[in-house]
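> just a sequence and a predicted model for now, questions to come.
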Amino acid sequence: MSVTTQGPEQAHRAAVTVEIAEIAAYLQETLGQRLTAHLAAVKEPKTVTHWAKGVNAPRAAAEERLRTAYQVFHLLQQAESPHVVRAWFIGMNPQLDDDAPADAIREGRFKDVLLAAKAFLAGG
């Protein structure tokens with residue numbers, strides 16, 4: 001799947017309309033299995049592969065985290081390469097009190113992460 005969004009509205013639309021198995025597969029491919037498992041707050045990274053293959057579905061809280069990460073990835077990739085976006089997810093972020101966005105998603109700080117992504121796109 002390729003990411004071709006034009007802004008926050010399209011990133012949001014993609015995050016709510018794409019099947020969760022496809023989202024899990026995309027995040028596993030772009031962020032890696034361990035990082036995707038971490039931000040989804042699951043202990044076993046192989047769980048992400050099961051989701052991606054449609055073997056089973058994530059619980060509601062994990063699905064919310066995955067959809068948020070997918071939306072943010074879409075938003076950032078409109079201006080940055082997948083490599084930069086992955087680095088953004090794992091790096092300390094001043095907008096998040098120097099927490100990594102992946103950690104903030106894991107903690108359920110979805111709005112904060114989205115605002116940090118928008119600030120990054122604006123040059124902050």
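Thanks, I have the structure now.

> alpha carbons only for contacts and neighbour counts from here, please
Fine.

> work out which residue lies at the spatial centre of this protein.
What sits nearest the mean C-alpha location of the chain, by C-alpha atoms, centre = their mean, is A69, with 1.7 Å.

> can you give me the helices for this structure?
Taking DSSP state H, the helices of the chain run over residues 8-17, 20-31, 33-40, 46-52, 60-77, 82-90, 101-106, 110-121.

> okay if I get these as TSV plus mean pLDDT?
Listed next are those as TSV, based on pLDDT from 0 to 100:
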stretch	mean pLDDT
helix 8-17	81
helix 20-31	97
helix 33-40	98
helix 46-52	98
helix 60-77	96
helix 82-90	97
helix 101-106	98
helix 110-121	97
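
> picking up where we left off before, how about the residue nearest to the residue nearest to the centre of the chain when sequence neighbours are not counted, what does it touch?
Ranked by C-alpha to C-alpha, 6 or more residues apart in numbering and with sequence neighbours excluded, the top spatial neighbour of A69 is I105, at 7.3 Å. Counting by C-alpha atoms under 8 Å, 6 or more residues apart in numbering, I105 makes contact with L39, A40, R65, T68, A69, V113.

> and the gap between the closest residue to the third one other than its chain neighbours and V48?
Nearest-residue entry for R65: A40, 5.4 Å, with adjacent residues in sequence omitted and distances by C-alpha to C-alpha, 6+ apart. Relative to V48, A40 is positioned 9 Å away (criterion: C-alpha to C-alpha, to the nearest Å).

> again with A37
Distance from A37 to V48, by C-alpha to C-alpha: 6 Å.

> likewise for H12?
22 Å.

> more neighbours: the two, which one.
Neighbours around H12 and V48, counted as other C-alpha atoms under 10 Å, are more numerous at V48. The numbers are 27 against 18.
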